[in-house]
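# got a sequence here, can you model it:
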Amino acid sequence: MINREERLKTFVAKSLFKSDFILSPLNGDASFRKYYRVDNKIAVDSPPDTQKNHEFLDINKRLSHANLFVPSILDYDLDNGFFLLNDLGNVSFFDVAKGDDLIPFYKKAIDTLLKISKVSTDNLPLFDREFIRFELSICDEWLYKKALSLDINKDDLKKINNLYDLLIDNCLMQKQIAMHRDYHCRNIMYYKDNLYIIDYQDMVKGPLLYDLASLLYDCYICLDDVVRDELCLYAYKQYKENDLYDKDLNSFKKELRLTALQRHIKVLGIFCRLYYRDNKSNYLKDLPLVLDYVMKACKDFSEFNFLYDFLDKYVKGHLPTCEQ
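Numbering: from 1, shown residues only. Below you'll find the predicted structure:
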């Protein structure tokens, strides 16, 4: 049987109308997709049995129609899961949003969220109660059970689930819009003076503040509190002016923080799953920052103090590392 790389080469040869080329592997992401640079383009091996290839095409069109910058899809083969995209280079938001350029770039990224809010939500999956609860359960399964072998008693489990309900309610009470679902420094590219969005195939209809929470409480970058407050105020004013939010600033900040808390609890589980199930250890180094986000939020909101004590007793100081 011809392996996937050989089939990808056949696809690329047909797309480029040439047979003399080299597929140069690039660093992948958290999925099972593989990327290659070829003739100033990007070839993607995206296995159709595990990847959302139809969704990738659909969301690409939606974002383009909303005047957002996304990769151009030059050719594709949905049966095999192959794509040929234009090359956006190697410079990500992570690389440029620094020093004196940090705040201006973050404001550009927030402005981009305003455009995403206008993307059609027709037929998008719903980020509903069942969906959110499943995401939170990833932490239970992969951090508490798999990584730490915790046997949580029924009373503590009930308390944790009650807190999960508060986080779910916070998400569902917000205005529901098109939500990227992974809007952070590694999924925004800087190319030809514009911010390009990538990795958008998991888009859903969900809470207004989720993508902003992903950006301002990034799992890979920890912003200074003063800077985050300035950006939060900027976002609040933009959302108010565009009739996306109608409450006061304190409510905005609380809802944003609780939305980030839901995401970070999920990510604690996701990063562990990537290690134990997918053999991807590089995400373990980011677990301490994510746990720090979670514990600070739980300490600041009195209703979550139980979860703070639980994490302080059973999780802090016991996170899995590559050395284990």
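# from now on I want contacts and neighbour counts done on CA atoms only, so please keep to that.
Will do.
# mind listing what M179 touches?
Going by CA atoms under 8 Å, 6 or more residues apart in numbering, M179 touches 116-117, 203-208, 210-211.
# among these, which are located in strands?
By the criterion of DSSP state E, membership of these in strands covers 204-207.
# ok, these vs H180, which is closest?
For H180, the closest of the ones in strands among the contacts of M179 turns out to be V204, at 6.9 Å, with distances computed as CA to CA.
# state the pLDDT value of that closest one.
V204 is assigned a predicted lDDT (pLDDT) of 98.
# surely it meets D128?
No: under the criterion of CA atoms under 8 Å, V204 is not in contact with D128, lying 9.7 Å apart.
# who's more crowded, these two?
Summary of the neighbour comparison: V204 and D128, criterion other CA atoms under 10 Å, with V204 having more neighbours (22 against 17).
# next one: the more buried one relative to P320, how far apart?
As for V204, its distance to P320 is 31 Å (criterion: CA to CA, to the nearest Å).
# cool, and L307?
With CA to CA as the criterion, L307 and P320 are 19 Å apart.
# please apply the same query to L215.
For L215, the distance to P320 (CA to CA) stands at 25 Å.
# okay, these two: which has more neighbours?
The residue with the greater number of neighbours, taking L215 and P320 and applying other CA under 10 Å, is L215; the counts read 22 against 19.
# what's near enough to touch the nearest residue to that one once chain neighbours are set aside?
Computed as CA to CA, 6 or more residues apart in numbering, the closest residue to L215 that is not its neighbour in sequence is H184, at 4.8 Å. With contact set as CA under 8 Å, 6+ apart, H184 has these partners: 214-215, 218-219.
# apply 10 Å and report the result again.
The neighbourhood of H184, defined by CA atoms under 10 Å, 6 or more residues apart in numbering, consists of 93-94, 109, 197, 211-221.
# of these, buried ones?
Buried by 16 or more other CA atoms under 10 Å: 93-94, 109, 197, 211-220, out of these.
# re earlier: filter the contacts of H184 down to the ones in helices?
Counting by DSSP state H, the members of the contacts of H184 that fall within helices are 93-94, 109, 211-216.
# okay if I get those residues as a markdown table plus distance to M295 and pLDDT?
Formatted as a markdown table, the ones in helices among the contacts of H184 follow (distance: CA to CA, whole Å; pLDDT from 0 to 100):
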| residue | distance to M295 | pLDDT |
| --- | --- | --- |
| F93 | 27 | 98 |
| F94 | 24 | 97 |
| A109 | 27 | 98 |
| D211 | 21 | 98 |
| L212 | 20 | 98 |
| A213 | 16 | 98 |
| S214 | 17 | 98 |
| L215 | 19 | 98 |
| L216 | 17 | 98 |
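# give me the buried positions along stretch 11-20.
Burial within stretch 11-20, assessed by neighbour count using 16+ other CA under 10 Å, is assigned to 11-12, 16.
# need phi/psi at the spatially most central residue of the chain.
Nearest to the mean C-alpha position of the chain, counting by CA atoms, centre = their mean, stands D182 at 1.7 Å. Dihedral angles phi and psi of D182 (degrees, to the nearest 10) take the values phi -150, psi 50.
# ok, it touching D202?
Yes: the pair D182 / D202 is scored as a contact, 8.1 Å apart, by CA atoms under 10 Å.
# next one: stretch 112-126 to chain centre, how far?
Between the mean C-alpha point of stretch 112-126 and the mean C-alpha point of its chain there is a distance of 15 Å (CA atoms, centre = their mean, to the nearest Å).
# correction: stretch 234-254
22 Å.
# contacts for it, please.
106-107, 110-111, 113-114, 117, 170, 174-177, 208-209, 212-213, 228-233, 255-257, 259-260, 297, 301.
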